[in-house]
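**Student:** Following is a predicted model, sequence given first.
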Amino acid sequence: MDTHIEMISRELQVRPGQISRTAALLAESATVPFISRYRKEATGGLDEVAVQSIKEGLEKLEALEKRRTTVLETIEAQGKLTDGLRRKILNTYDSRELEDLYLPYKPKRRTRASQAREKGLEPLAELVFSQTELREGLASLAAAYVNETVPTAEDALQGARDIMAEWVSEKAEARAELRDYFNKSAFIYSKVIKKKEEEAAKYRDYFDWKEAYRQCRAHRILAVLRGSREGFLRVGVRPDEDPAVRLLRRRFVQGENECALQVAEAVDDAYTRLLAPSLENELLAAAKEAADDESIRVFAENLRQLLLAPPMGQKRVLAIDPGYRTGCKVVCLDEQGQLLHHDVIFPHVLNRKPGAGRTAEKGFQSSAADKSDNAEKTENIFKPAAAEKILSLAEEYGIQAVAIGNGTAGRETEQFIRGLDFKEPVSVFMVNEDGASIYSASDEARKEFPDQDVTVRGAVSIGRRLMDPLSELVKIDPKSIGVGQYQHDVDQKKLRSSLDTVVESCVNAVGVNVNTAGTSLLRRVSGVGPQLGERIFRHRAEQGPFASRAELLNVSGMGPRAFEQCAGFLRIPDAAHPLDRSAVHPESYDIVHRMASDLNCRVEDFLDSEELRASIDLNRYVDEKTGLPTLKDIAAELAKPGRDPRAEREEFCFAEGVKSMDDISPGMVLPGIVTNITRFGAFVDIGVKQDGLVHISEMADRFVRDPGDVVKLQQKVEVKVLELDRERNRISLSMKQV
């Protein structure tokens, strides 16, 4: 364990003591949010990222130790584990080196070399491999091995070469040297498979593509690998062959006698047939893993920004799921997001050719095809009735804001709503509806709204996303939210783990109202999980709202350990005890009571008076259990109990009259919202149903290494239209000098 701690310490540049204490907390099943928030004395103030990195580092080394044990046991069972080999295996912490050492002893299927051994040709291979000068000719020596299974001397030599080729390919030092050469000098390439050019049109940038392996970016690697998987591209990784073969010959070929020539031939065969394909697969796997890690990192950061997007807060909302044919589904929600009313309006009708089907005047049947309509123009012959309905609902339910989904007919619906004359001020927001249909068909949506259809549930989700994006988006599989790239191509287990970590981090950073949260939110709280989250929800439904944090201990399965982990992240806004409304952990309540007592006031007075709080000397309350880091956190929390770390929601408008690609042209400067960030740039919604790309080279009048250094998700930006590619439905944008 000490070795592991030292290794992680060097890698993360964190003191060993911090890592060992963090490891001890993790071993006790403490969660990352709890450790980083409430155990700063133990960790030395490590943030969540550092604690998570330590956790992942320990898990990786634990997996390596398990593999090491398997390797040692397997070789020992074969009776081939020498003291020298044991030392090498025990001293390596490189998984590739461990596998290289194991390779000669690894159970494998029948090979050309194993068949040659079965024919008794290994002694011949050993003699030839020694490359000693022979008194008799090599042919004479090989002839001694001719029998029923080895018809000729050349067959005997071929078998010996097969055995030697396997020795060469399994030599750990040779593999390491050649691997290093591949890493430094290899190119990754792709070529289109003949006669598939038309089918593979979306991959035409990679029909004849080549790039240095070490310089290839994650998105290009994932693109060519997807093309290969779909059967359109042939992908490989190889360096120039001659230097690689010369490198091997220098290691194995000694002299120029007959045996040396046989060894040289075996070396060439080992490279072509065994080593090069093996290392190629290894490099492709390593490139895929690195690309996965990079893409998952970007996806996770995008998800974090989306989950922590500014909430509008508790206001009465009218939410609209727009549509042409089936109309716009409208719902009215109260301040807690509860459904008050639902309806349908028809502010738009498609322009249709004569006889092209029923018009809105005759009504439409509900159809999923509504969302795939490619209509670009609408007539607003139903505006008066739709307008009257919206204004009536706004007045009846005291609507303070309108949330409009950004899908089909979203821009037209926004224009329609903004043109209405509301009696009271109403803010209008476009809301990203990615994943709303996934939620509306989910078990959770059916539990929430058993008597409503998917269209009503979808509209409710849009409205709730405006009020509190985090609380609503946790109900949806993060992969369905639309902020990643190649999410179906990357390692799904890693992706799920990373995104779950982000969701948990965001939920705990904001905190959860235990009396209003659903099971999707509760199960993400530190120390809770799905089963306990369901029990908390059921207890609340049966016994009524929690009046204090202490009442959580009455929930079945809520033991002291679980309570310790979750209590600080669960809020009770109406609790009698003021600290139950805050992020101060119950274990620290006594400290706050002592502070108030020392000032001869109540805790409530202490919270309300900045002057009283400023008079406290935190150093007086430092003891063996509680240090200054925790005391400073308590002081900050007391200043703003239960504060929400998210910013406030701001209203935004797209350019008037811009609703489709036909409405824009190169040179136009438009407002937009960043919808996705990748390693090669950022996608921006400018209100035309197709996001445009700001390439990394067009993000600023300076060199940009990471698009995340320039923009954040949901950021409002101004962009210039550079180019339109209507055939491929692409828009190129720039943020330079806008």
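**Tutor:** Yep, it's here.
**Student:** Find me the pLDDT at residue 661, would you?
**Tutor:** As summarised for this prediction, residue 661 has a pLDDT of 89.
**Student:** And for it, nearest residue in space, chain neighbours not counted?
**Tutor:** residue 688 (5.5 Å; Cβ to Cβ, 6 or more residues apart in numbering). Using the backbone N, CA and C atoms, a C-beta is placed for each residue, glycine as well.
**Student:** Give me the neighbour count for the one you found.
**Tutor:** As a burial measure, the neighbour count of residue 688 was computed by other Cβ atoms under 10 Å and equals 22.
**Student:** Validate this expectation: it resides in a helix.
**Tutor:** No: counting by DSSP: H, G, I helix; E, B strand; the rest coil, residue 688 is not found in a helix; it is coil.
**Student:** Look up how far residue 668 lies from it.
**Tutor:** 11 Å (Cβ to Cβ, to the nearest Å).
**Student:** again with residue 451
**Tutor:** Counting by Cβ to Cβ - residue 451 and residue 668 are separated by 47 Å.
**Student:** Which of those two has more residues huddled nearby?
**Tutor:** Using other Cβ under 10 Å as the criterion, residue 451 and residue 668 rank with residue 668 on top: 14 against 6.
**Student:** Now do the same contact list for the more buried one.
**Tutor:** Under the criterion of Cβ atoms under 8 Å, 6 or more residues apart in numbering, the neighbours of residue 668 are 720-721.
**Student:** Give me the mean pLDDT for stretch 43-54.
**Tutor:** Across stretch 43-54, the per-residue pLDDT values average to 95.
**Student:** Buried residues in it, which are they?
**Tutor:** Of all the residues in stretch 43-54, those buried under the rule 16 or more other Cβ atoms under 10 Å are 43, 46, 48, 50-54.
**Student:** Kindly report the same for stretch 1-8.
**Tutor:** When burial is assessed from 16+ other Cβ under 10 Å, stretch 1-8 yields the following buried residues: 4-5, 8.
**Student:** just curious, which of those residues is nearest to residue 94?
**Tutor:** Sorting the buried residues of stretch 1-8 by how near they are to residue 94, with Cβ to Cβ, puts residue 4 at the top with 14.3 Å.
**Student:** ok, for residue 237, nearest residue in space, not its chain neighbours?
**Tutor:** Counting by Cβ to Cβ, 6+ apart, the nearest residue to residue 237 once its immediate chain neighbours are dropped is residue 283, at 4.5 Å.
**Student:** got it, and residue 489?
**Tutor:** The shortest distance from residue 489 to any residue other than its chain neighbours is 5.1 Å, reached at residue 222 (Cβ to Cβ, 6+ apart).
**Student:** Show the pLDDT at the one you found.
**Tutor:** Per the predicted model, pLDDT is 93 at residue 222.
**Student:** one step back: helices or strands next to the helix or strand where the residue nearest to residue 237 lies in the packing?
**Tutor:** In the assignment (DSSP states H and E), residue 283 maps to helix 276-307. Of the remaining helices and strands, those touching helix 276-307 by 3 or more Cβ pairs under 8 Å, 6 or more residues apart in numbering; DSSP states H and E are helix 172-185, strand 187-192, helix 218-229, strand 233-238, helix 469-473, helix 492-510, strand 669-678.
**Student:** Swap in 7 Å and give it another go.
**Tutor:** Helix 276-307 sits against helix 172-185, helix 218-229, strand 233-238, helix 469-473, helix 492-510, strand 669-678, with contacts defined as 3 or more Cβ pairs under 7 Å, 6 or more residues apart in numbering; DSSP states H and E.
**Student:** The helix or strand following it packs against which elements?
**Tutor:** Following helix 276-307 in sequence order, the next helix or strand is strand 317-321 (DSSP H and E). In terms of contact count using 3+ Cβ pairs under 7 Å, 6+ apart, strand 317-321 is assigned the packing partners strand 328-333, strand 401-405, helix 454-467.
**Student:** Need those in CSV (columns: distance to residue 17 and mean neighbour count).
**Tutor:** Rendered in CSV, the data for those read as follows (distance: least, Cβ to Cβ, whole Å; neighbours: other Cβ atoms under 10 Å):
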stretch, distance to residue 17, mean neighbour count
strand 328-333, 51, 25
strand 401-405, 50, 26
helix 454-467, 44, 26
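**Student:** In a helix, residue 341, correct?
**Tutor:** No: secondary structure assignment places residue 341 outside any helix; it is strand (three-state DSSP).
**Student:** where's it relative to residue 448, distance?
**Tutor:** Separation of residue 341 from residue 448 (Cβ to Cβ): 16 Å.
**Student:** Please apply the same query to residue 389.
**Tutor:** Taking Cβ to Cβ as the measure, residue 389 falls 25 Å from residue 448.
**Student:** and if you look at residue 343?
**Tutor:** Taking Cβ to Cβ as the measure, residue 343 falls 19 Å from residue 448.
**Student:** returning to that earlier point: what's the closest of the helices and strands packed on strand 317-321 to residue 120?
**Tutor:** Shortest distance between residue 120 and these, using Cβ to Cβ, is found for helix 454-467: 72.1 Å.
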